[in-house]
Every structure is written in C-alpha cells, then in structure tokens.
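Q: this one's sequence-less:
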Ligand code: PMT
C-alpha cells in the first residue's frame, strides 16, 4: 500500500438504499489500511444498517439525524466539525433523494448541512433502480453536482435488489477505493496530459489453439496506468492478455498479438503527450498461422517458420512528435545498462527503464521491481519497491524529463 494512502481521514455518508448493507464491509477496508473513518447515517439508512455495527468497526460514534441540532449532541456542530476534520467526503450508496439535496443545496438534514459546509473532495456513488437512475430529474441533479466539481461515479450494471437487470448497482468495493485514492492523490501533476501505456504479453498464435507468449502478467504496466490516473492524466492502456484486475478510470484497449498492439499504439500515439511501453511484445510471429489445430504425428518434429514483428517502440520513435516523451522498457539478463542504452538510441527513445528479468523479485509477474531509469540526456536513477511505488517514481522521472523538453 503506497505510503500516501495510510492514515487518511474519511467522512463516510451512508444513505437509505438497500446497498447500505454493504457499508460495513466498505468501511472495514479503510480501517484495515489504517484510515480513520467518521460516519454520517441518514434516518432511512438506519433501516438498512445498524449504527452499532458501524461504530464498533470505526471505534467512533456514528452521527445520526437525531444528533443534528439536538440538545445533547448538537452543540458539537457535527455538520461543521466532521467536514473540517475529514480529508475526503464519500457518500455510498447515494439515493436519488440525497442527490437532489446535494444538487439543490438542501441543508435540512445532518448529511445535507455537511454537504453544504464541505470544502474537501466529494465523491458520490449513486445506487438505485435503473428507471430511477434514468429519470431526467436525477440525471439533471447528477449533471449539476458534476458541474460543481464533485465526482459522481457511474453505478455498475447487473441484477438489482428490486429484481431488475440493469444499471444502478453500487460498484464493487475495489472501485470505490480506487476513486477515493484518486481523489486523495497528493500529486495531480499529470492533469491535462494524455498518457499511453502498454502492458502485458502478446500471444503469437501458430495454429487455432497454440501460441508463443511470455510470462508478463501486466502488473508493471497496470501499475503505471493506475499511477498516471491518480495523478490526473487521461490514460489509454493497451493491454495484452492478462488475468489481473483491470484498473479503474482508464480507457483499456485489449489486444492479443503484436500486430494488434502495433495498430492500437500507432492509432493512439499522435495525440499522446507521454508514451510508456511496459508491454513484453513478441518479436516474432508464425509466418503462416494454421487455421486448424496442428496434428501431432508420432516421432515427427514440428517445424514452424517465424518472421519478425514490427518493433512498435522503434516505429513510435520514427513518428515522435515535438514535446512527446517516449519511454521504453528493457528486459535484460546481462550487461543491463549497455544493452538498455543501445535500445534507447536504436529506437529513438527519450527514456528507458531497465529491469533484470532474472533477478529475484524483479521483472515478470513479481509484485516488486527494480528499475534503472536512463534518459537520452544522460541522467540515470534507480528505484526499487512495489510495482505501484516504482511506477510512481518512474512517472516522477518522466515529468522531470518532460519539463526539460
Ligand atoms: O508485466 P509484468 O509481469 O509486471 O512484467 C514486467 C515486465 C518485465 C514485462 C516489464 O518490466 C518489462 O521489462 N517490459 C519490457 C519487456 C520487453 O519487451 O523488453 P525488451 O527489451 O524486449 O523490449 C524493449 C522495448 O521495446 C520495450 O519497451 C518493448 O515494449 C518494446 N518492444 C519490443 C519488441 C517489439 N516488437 N516492439 C516493442 O515495442
């Protein structure tokens, strides 16, 4: 867990939709990461989730409607003190009624008054029946809240509690956490920039069921895409076939082969400010991809002729536009620096991140990595750590390079 995610102060507003029963589980995730959580529970939310469960998990009082302007607790002015204390205000689930209160500035409840007094990032997760979500009044309220600068996260689609199948589900906890981390990110130094990241392996099929691939899991590229999103970039992730969770907030282009990855990158490159090529691209493909499954003939070897795939990084190096920062990766097993520098020059890269793919806890599939990052103007810096932390450090180096352009 990146250091800046620890010990954050979260004000968690829970409103009266059936998804409120998920609130204790959402809250537990923050508590596990060492965050402090204060809860505001609306009157109708108390029908779905017990204040005692929530206060036991937070180790704090749960603020309820009865505490608003009340004789015994009102003097603590919770609608002011809570939002002053918090670093972020999260409302999940958020009913259509509370969306209306937020959009209209209705301060007649504890939650409503807190929203009025709030000056921190407000991240709202609507959850309701799909027809209600489509209601023009609800859509107008969401637009108005977004125009105020707050974040309203699209609900998921699926089976709803009312028996409908459609959009309106509270997103998975992982999605909620990602949007909260994005809002809490200490750096937004990539805001306004477009970033293209490639990740994962490519699969080069030799027949309908067999392919040549490599052990890339996509973790390094996905960590870079996530870190760039946290820091405000508009991220496009071109991903080979991987089985790790897809990052939130980025546009993902799924590809299988190197040829497909090449096309996706060439199409996207002209509008990109930064391109980071963490994918392990197959250098060769079968000259002829057999449509049927090749038959095994006892005692007979299988001979397949391979031809070279395009070097995507080198092709991007040929069309690099003014001010664009093109970053390659080098998967090396020996003479790391010399081999990586050769690739940087040969592909006309601005930077290259070199990792020793034979070293323990580095390279393919590991959760950690060590990157030696070199720029074409001679700077060299090395980072080790989780792939999330190393991704952040790589972006620091990329921004330093971009600012020197
Ligand atoms: O995905 P993980 O499991 O987290 O593993 C991460 C990683 C080890 C895959 C990653 O850190 C890494 O090293 N990626 C680059 C792997 C690779 O293909 O390195 P290379 O030295 O063969 O290629 C050099 C550069 O040229 C890379 O930026 C690569 O994307 C690019 N390339 C290579 C071949 C090709 N045909 N087209 C390319 O664009």
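A: Cool, the structure landed. All values derive from a computational prediction rather than experimental measurement. Numbering: from 1, shown residues only.
Q: For this protein, which residues are neighbours of the ligand?
A: By CB under 6 Å from any ligand atom, the residues of the chain that approach the ligand are 198, 200, 216-221, 258, 277-281, 283, 309, 311-313, 328-331, 343, 355, 357, 363-365. Where you see a C-beta, it was placed from the backbone N, CA and C, and this is true even at glycine.
Q: Could you pick out which of the residues you listed are located in strands?
A: Assigned to strands by DSSP state E, the following of the residues of the chain next to the ligand qualify: 198, 277, 328-331, 355.
Q: Ranking by neighbours, what's the top pick from those residues?
A: Compared across these, residue 198 has the highest neighbour count, 32 neighbours, by other CB atoms under 10 Å.
Q: Could you check which helix or strand contains the closest residue to residue 129 other than its chain neighbours?
A: Of all residues not flanking residue 129 in the chain, residue 162 sits nearest, at 5.1 Å (CB to CB, 6 or more residues apart in numbering). Residue 162 belongs to no helix or strand when elements are defined using DSSP states H and E.
Q: any idea of the pLDDT on residue 162?
A: Note for residue 162: predicted pLDDT of 82.
Q: Isn't it up against residue 131?
A: No - checked against CB atoms under 8 Å, the pair residue 162 and residue 131 is beyond contact range at 9.2 Å.
Q: can you give me the strands in the stretch 301-405 of the chain?
A: Per DSSP state E, counting those that start in this stretch, the stretch 301-405 of the chain carries strands over the ranges 306-308, 325-332, 351-356, 368-375, 380-386.
Q: neighbouring strands for the second one, and are they parallel or not?
A: Under the criterion DSSP bridges, strand 325-332 sits next to strand 274-277 (parallel), strand 351-356 (parallel) in its sheet.
Q: now that strand, how far from the centre of its chain.
A: Counting by CA atoms, centre = their mean, to the nearest Å, strand 325-332 is centred 22 Å from the centre of its parent chain.
Q: between that strand and strand 368-375, how big is the angle?
A: Counting by axes from the mean of the first three to the mean of the last three CA atoms, to 10 degrees, strand 325-332 lies at 130 degrees to strand 368-375.
Q: ok, and what's touching strand 325-332?
A: By CB atoms under 8 Å, 6 or more residues apart in numbering, the residues outside strand 325-332 that reach it are 220, 273-278, 280, 313, 316-317, 320, 336, 339-340, 343-344, 347-357, 363-364, 394, 398, 401-402, 405.
Q: now with 6 Å?
A: 274-278, 313, 316, 320, 339-340, 343, 347, 349-354, 357, 398, 401-402 (CB atoms under 6 Å, 6 or more residues apart in numbering).
Q: now swap in the fourth one and tell me
A: Residues outside strand 368-375 that contact it (CB under 6 Å, 6+ apart) are 351-355, 361-362, 380-384, 386-387, 390, 397, 401.
Q: swap in the last one?
A: Residues external to strand 380-386 that are found in contact with it (CB under 6 Å, 6+ apart): 367-368, 370-374, 390, 393.
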